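*Asks:* Provided below for reference: sequence and predicted model.
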Amino acid sequence: QVQLVESGGGLVQAGGSLRLSCAASGRTVSRYAMAWFRQAPGKEREFVAAISWNGGSTSYADSVKGRFTIFRDNGKNTVYLQMNSLKPEDTAVYYCGVGRQFSYGGRSPAEYGYWGQGTQVTVSS
């Protein structure tokens, strides 16, 4: 069993930055792909970014490419999402998920078996 705890969310003005953290416990996640998804009120959970089990490959939604960076520290069992140039449309609850072992990480929520409780990100205009 894996427990995930996201943190780092908050209220920020458009153009600002936040860094989200997702700390895993109960099992090492160093062999698993990890990803960030987000969900705005009334909308489905959508893919934001994924990172391969070894950190060598990343992928991003078009809407965040060039502004967000996903990275991981396997020694700390933690994955991060650096978010720059934030826009009001980035407002959502952000969730991290644990994907498949030795995987590059996909874009479907169905590929992720464990989720954290989420952290709220609100970007004001």
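*Replies:* All right, it came through fine.

*Asks:* Can you report how many residues lie near the nearest residue to residue 72 once chain neighbours are set aside?
*Replies:* The shortest distance from residue 72 to any non-neighbouring residue, by Cβ to Cβ, 6 or more residues apart in numbering, is to residue 79 (4.4 Å). Just so you know, the C-beta spots here come from the backbone N, C-alpha and C atoms, and that holds for glycine as well. Residues near residue 79, counting by other Cβ atoms under 10 Å, number 30.

*Asks:* bridging residues for residue 79?
*Replies:* residue 22, residue 72 (DSSP bridges).

*Asks:* Now do the phi/psi pair for residue 76.
*Replies:* Dihedral pair for residue 76: phi -100, psi 0, per degrees, to the nearest 10.

*Asks:* State the helix or strand in which residue 97 lies.
*Replies:* Per DSSP states H and E, residue 97 falls inside strand 92-101.

*Asks:* ok so, going back, contact partners for the residue nearest to residue 72?
*Replies:* Neighbouring residues of residue 79 by Cβ atoms under 8 Å, 6 or more residues apart in numbering: 21-22, 24, 29, 34, 36, 51, 70-73, 96.

*Asks:* that older thread, can you tell me the strand partners of the strand holding residue 97 and which way each runs?
*Replies:* strand 32-39 (antiparallel), strand 114-115 (antiparallel), strand 119-124 (antiparallel).

*Asks:* For residue 63, state which of the contacts of residue 79 is nearest.
*Replies:* When the contacts of residue 79 are ranked by distance to residue 63 (Cβ to Cβ), residue 36 comes first, at 12.6 Å.

*Asks:* Excluding residues flanking it in the chain, which one is nearest that closest one?
*Replies:* Closest residue in space to residue 36, ignoring its immediate chain neighbours: residue 48 at 4.3 Å, by Cβ to Cβ, 6+ apart.
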